[in-house]
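Peer 1: Got a predicted model here, sequence first, then my questions.
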Amino acid sequence: MDIGEVRFLAAQEEQALTWSGMGAGDTDASYSMEVPEDLTVTGIRMPMENHFSDLLMVKDGEGQPMTFPASYQQGDTLSLETELSLTEKDNRAHMVIDVVPVLEMETAKGEKVCAYLYDSMKYTPDMNILEIYRILHMKEDM
């Protein structure tokens, strides 16, 4: 069941939630990019979704946990894998989330830059039609 895109406005932030189906609970994604210039990855964060950060596992291209800082030369390949999993009993399992990890980086010149890993991971909890109605009603979409 695909009910399209729902927009939701919180206190000071806007976020698009994509409901792509029912029952998908564990999700992961992998990324690979050629580094355009010498840079150091100083960390990773998830804007607006900090309450899920304990579930985010980041590994390098060889499957080892990624540690920061991590330096790359121009032309190197930066590869990483992200994993996110929630159990049914997790008290956050009722939330529909679209997690967008952000790599925080610094160039050789000291400039701070970010790489937003869009469409990286989606978690769609099991929901029945009453829950969908309730959420849409709360968002004043019905």
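Peer 2: Sure thing, it's come through.
Peer 1: how much space between the nearest residue to Gly61 once chain neighbours are set aside and Val102?
Peer 2: When the adjacent residues along the chain are set aside, Gly61 lies closest to Ser79, with 2.8 Å between them (C-beta to C-beta, 6 or more residues apart in numbering). Using the backbone N, CA and C atoms, a C-beta is placed for each residue, glycine as well. Distance, Ser79 to Val102, by C-beta to C-beta, to the nearest Å: 17 Å.
Peer 1: do the same with Tyr72
Peer 2: 17 Å.
Peer 1: pLDDT value on the nearest residue to Gln73 once chain neighbours are set aside, please?
Peer 2: Using C-beta to C-beta, 6+ apart and skipping the chain neighbours, the partner closest in space to Gln73 is Asp38 (5.5 Å). If you check Asp38, the pLDDT there is 90.
Peer 1: What backbone torsions are found at Asp38?
Peer 2: phi -60, psi 130 (degrees, to the nearest 10).
Peer 1: Do I have it right that Pro69 meets Val41?
Peer 2: Yes. Between Pro69 and Val41 there is a contact under C-beta atoms under 8 Å: 6.4 Å.
Peer 1: Of the two, which one has the most company?
Peer 2: When Pro69 and Val41 are compared on other C-beta atoms under 10 Å, the one with more neighbours turns out to be Val41, at 22 against 12.
Peer 1: what's the host helix or strand of that one packed up against?
Peer 2: Using DSSP states H and E, Val41 sits within strand 39-45. Applying 3 or more C-beta pairs under 8 Å, 6 or more residues apart in numbering; DSSP states H and E, we find strand 39-45 packed against strand 70-72, strand 102-107.
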